[in-house]
Each structure stands twice: as C-alpha cells, then as structure tokens.
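> 3D model of this:
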Amino acid sequence: MNRIKTILPIIVVAQFCCTSLWFASNAVMSDLVINFGLTESAIGHLTSAVQFGFILGTLVFAVLAIADRFSPSKVFLISALLGAVCNLGILWEDNTLTTMLSIRFLTGFFLAGIYPVGMKIAADYFDKGLGKSRGFLVGALVIGTAFPHLLKGLTNVFPWKLVIITTSSLAVLGGLMISLLVPDGPYRKQSQGINLSAFFGIFRNQNLRSAAFGYFGHMWELYAFWAFTPLMLKTYSDLHPETTFNIPILSFLIIGIGGLACIFSGYLSQSFGAKRIAFISLLLSCTCCLVFPFLFIVQSATLFIAFLLFWGMVVVADSPLLSTLVAQNAPAEIKGTALTIVNSIGFAITIISIQLISGLKTLTDTNYIYICLAIGPILGLLALSKKTE
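Got it, this is the predicted structure:
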C-alpha cells in the first residue's frame, strides 16, 4: 500500500520532466528567429508541427493499440528517450525552417508515447479517485509546458541552448523514473491484439461521446491560448510603451498557474462531480475569450496580467476532468486506445485554431480575433449540457 502511495508522485514528476519538450522551441523563439533567419510567423508553424507529430503518433499508437498490448512503462521510456534526442536536433547549426519543422514534428510524435500513456499508467493504478490523480497529471503537463519559458527567463545568465539541453535531460530523467520505479499497474488489462472495431466504435457510447466533444471544444481554445500568450503580452506592451513586461517569466506564470488549477479542480470533482466542475470551468474560459480583446485598451497592466492569470487557470482546469470522464466510460481493455484517440482528435483541432489565429494576424492588426477562441468552448458546453445515459 505504501508503494502505491509513491506511484502517483513519481508519475507526476516524470510527466513534468518529459512534457517540458512540448514548448521548448516556443520559449526560445526569439533566439531561433535571430540565429536561423526565421520570421515571426514561425511560432505558429513550429507549434503546429509538434501538434501534427503528436496527432500522427497518437493515431499510430491507437491503431496498433500499443499502450494496451505492451508494457506502458516501457513504451513511456522509449518515447521519452527518442523525444529527447529529437529535441536536441534544434541545436544543429545548419538548421532551416524545414529541418526545424521536421525536428518538432518528430518530437510531437514521441510525445504521443508520453502524455496519453502516462494517463493510461495512472488509470492502471487508480480505479477510484481518478479525477484527483488526473488533476495532478495534467497539472504536471501544464507546468512542464510552461517550464521552458522560465528557463528562457534565465537566459540573461545562461545561453538559450541551455533551455534545449535542460528539457532533453529532463525527458531522459522522466523516462528512467517510470521505467525503473513504476511497474505495470494492478488494474491493467492487456489487449490481445489490434482491435480496429474499438478504434472506430468508441464514440457509440453516449457518455463517452459527450465527454469527448466537451474535450474537443476545450482543446480548440487551450493550445492557441498557450501558444500566443507571449504575443498577447508583447502586443499589450507595444500598445502601452510605459509598460515593461518580463515576457518569458510572465508566460511561465500565466501558463503554469493552470497546473495548480488542475489539482484544485481534481479535488473539487470529488465533492461536486467531474462533469459539473468541467462545465463551470469551460463556461468561465469561454467568457474570458469573449472579454479578453477589450482588455488591451485598459491602462492598468496589473489588471491585464491578473486577467491572463485567471484565464490561465480556467482554460485548463477542465482538462483532467474531461479525460477522467472519457476513461471512466471506456471499456478497460481499450482504455488506453480510447484516451489516445480522443487526444489525437483534440490535438488535430488545436492546429486549426492556432493556424486560424496565425492567419488572421497576417490579415489584420485587430485584437478582436481572439474572440474566435470562444467557438470551441461554446460547442463543448453544448455537448456537456446534453443528458447522458
């Protein structure tokens, strides 16, 4: 029993270490632009490349039922090691935009063996209290995603390449932690082979479908918000020259505070239900999408930052709860496959929203384009509001 109590902290730390690969290039984007002659639009392209890689990876993992057929801990380790190697490719001095897109694509591919597989490992250990455990896990993802921005904030002392080296080193550490300290869980049911009918039939379950569509709406907003947080801060400081922001540190705080919100929402779900807390969180983040463009004209930088911190909390607080609802309504023998499929579709949606904002930024200078982020939450709220079986 004491060993079980140590499992969740180990998985959480390992998830944090490995998911720091996700936004490693975003954190040093200004350095990449200078060193490799990129344009500012590269932020959208490189972010989308990671998402594309993650999508293809999740599809491959789902179709082949890798997380259900093989030891999830071993899958996690191999993915972490390969992801770390790909991330180091950013340091190659002869990089072009094309090679960096390829490198980030491969990094995203191997992240498919880290994030959803880590969720699967947790589900194999915690039959009850899944919402709380997922709150910690998604919180680790959020802080891991934000961590490169913190490292970037230290580049006045250390070179930007340290961000890449550190994130790759952390990924190796996380993979080894899972491999050495987290054996297959007691609730794991090994799949007997590839089950294409499961791949195409998971959405027949009405409860799972409601949770999945809520998750898709949430994902439309989430990664676009994270990707453009530094640009939002820069835009405000440009409009208000008297304001000076430490953009990397603020980006870390705005994104990272969502990790605490995930943990808090996990605890709340035990008392009020995962679906109810997820709905409230999605409603609040939808409201933020609609209100945010008007904040650019506010003279108070403190209010602007406070609003982004609040948005950073509610934009992701529903994520572990929606994943919990998917896991709870999926058959045990295809739980890993169901989580991977839902993740895959969700991340495909993030590419659309990121590219939409990027495209609109080239067409207009208006900040009202961020209202488009409300489309996903609105549709997600409609899905969650439907009565389930």
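
> low-confidence ranges in the stretch 51-200 of the chain?
Scanning the stretch 51-200 of the chain with the threshold set as pLDDT under 70 gives 127-132, 155-158, 185-200.

> Go again with 80.
Scanning the stretch 51-200 of the chain for pLDDT under 80 picks out the ranges 62-63, 65, 67-69, 119, 123-134, 152, 154-158, 184-200.

> can you give me the strands in it?
For the stretch 51-200 of the chain, applying DSSP state E, counting those that start in this stretch gives no strands.

> Could I get the full set of helices for it?
Secondary structure of the stretch 51-200 of the chain (DSSP state H, counting those that start in this stretch): helices at 66-69, 72-88, 97-111, 115-125, 130-153, 161-181, 196-201.

> Residue 297: which of those is closest?
Closest of the helices of the stretch 51-200 of the chain to residue 297 is helix 130-153, at 26.0 Å (criterion: CB to CB). (Each C-beta comes from the backbone N, C-alpha and C, glycine too.)

> Counting by contacts, list what the closest one packs against.
The contact analysis (3 or more CB pairs under 8 Å, 6 or more residues apart in numbering; DSSP states H and E) places helix 130-153 against helix 2-19, helix 24-27, helix 115-125, helix 161-181, helix 247-272, helix 319-328.

> would a markdown table of the helices of the stretch 51-200 of the chain with distance to residue 254 and mean neighbour count be doable?
Putting the helices of the stretch 51-200 of the chain into a markdown table (distance: least, CB to CB, whole Å; neighbours: other CB atoms under 10 Å) gives the following:
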| stretch | distance to residue 254 | mean neighbour count |
| --- | --- | --- |
| helix 66-69 | 32 | 24 |
| helix 72-88 | 23 | 23 |
| helix 97-111 | 22 | 21 |
| helix 115-125 | 21 | 26 |
| helix 130-153 | 8 | 26 |
| helix 161-181 | 18 | 21 |
| helix 196-201 | 37 | 13 |
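
> hang on, the earlier thing: could you dump the helices and strands packed on helix 130-153 to a markdown table with distance to residue 135?
A markdown table is the format used below for the helices and strands packed on helix 130-153 (distance: least, CB to CB, whole Å):
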| stretch | distance to residue 135 |
| --- | --- |
| helix 2-19 | 10 |
| helix 24-27 | 24 |
| helix 115-125 | 11 |
| helix 161-181 | 19 |
| helix 247-272 | 2 |
| helix 319-328 | 5 |
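
> closest to residue 299 out of these?
helix 247-272 (17.8 Å).

> now for the helices and strands packed on helix 130-153, which one comes closest to residue 310?
Ranking those by proximity to residue 310 (CB to CB) places helix 247-272 first, at 8.8 Å.

> What's the first helix or strand after that closest one?
Helices and strands here follow DSSP states H and E; after helix 247-272, the next one along the chain is helix 274-291.

> Which positions within stretch 13-29 qualify as buried?
Buried residues in stretch 13-29, counted by 16 or more other CB atoms under 10 Å: 13-29.

> And the pLDDT for residue 247?
Note on residue 247: pLDDT of 89.

> how much space between it and residue 302?
In this view, residue 247 and residue 302 are 16 Å apart by CB to CB, to the nearest Å.

> hmm, what's the outermost residue in this structure?
The C-alpha centroid of the chain is most remote from residue 242, which lies 33.4 Å away (CA atoms, centre = their mean).

> ok, now how distant is it from residue 102?
Computed as CB to CB, the residue 242 to residue 102 distance reads 42 Å.

> next one: residue 224
Distance from residue 224 to residue 102, by CB to CB: 23 Å.

> what's the answer for residue 42, then?
Between residue 42 and residue 102 the distance is 14 Å, computed by CB to CB.

> Residue 335 too?
To residue 102, residue 335 is 32 Å away according to CB to CB.

> Would you mark the buried spots in the longest helix along the chain?
In the chain, with assignment by DSSP state H, the single longest helix is helix 206-239. Buried residues in helix 206-239, defined by neighbour count with 16+ other CB under 10 Å: 208-233, 236-237.

> Mind giving me the packing neighbours of that helix?
Where contact means 3+ CB pairs under 8 Å, 6+ apart, helix 206-239 is packed against helix 42-63, helix 247-272, helix 274-291, helix 301-317, helix 319-328, helix 335-363, helix 375-385.

> I'd say residue 108 and residue 53 touch.
Yes. Between residue 108 and residue 53 there is a contact under CB atoms under 8 Å: 2.7 Å.

> just to revisit the earlier point, who has more neighbours out of residue 247 and residue 302?
Neighbours were counted for residue 247 and for residue 302 using other CB atoms under 10 Å; residue 247 has more, 19 against 9.

> residue contacts, the more buried one?
Counting by CB atoms under 8 Å, 6 or more residues apart in numbering, residue 247 touches 230, 233, 234, 237.

> Tabulate those residues (CSV), appending distance to residue 285 and pLDDT.
Listed next are these as CSV, based on distance: CB to CB, whole Å; pLDDT from 0 to 100:
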residue, distance to residue 285, pLDDT
230, 19, 90
233, 18, 95
234, 22, 92
237, 24, 93
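
> Columns distance to residue 75 on top of these, output as a markdown table?
A markdown table is the format used below for the contacts of residue 247 (distance: CB to CB, whole Å):
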| residue | distance to residue 75 |
| --- | --- |
| 230 | 33 |
| 233 | 37 |
| 234 | 39 |
| 237 | 43 |
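
> Closest one of those residues to residue 306?
Nearest to residue 306, judged by CB to CB, of the contacts of residue 247 is residue 233 at 13.1 Å.

> from memory the closest one sits against residue 246, does it?
No. The pair residue 233 / residue 246 is not scored as a contact, 9.2 Å apart, by CB under 8 Å.

> can you count the residues close to residue 346?
26.

> neighbours around residue 93, how many?
For residue 93, using other CB under 10 Å, the count is 6.

> distance of it from residue 85?
In this view, residue 93 and residue 85 are 17 Å apart by CB to CB.
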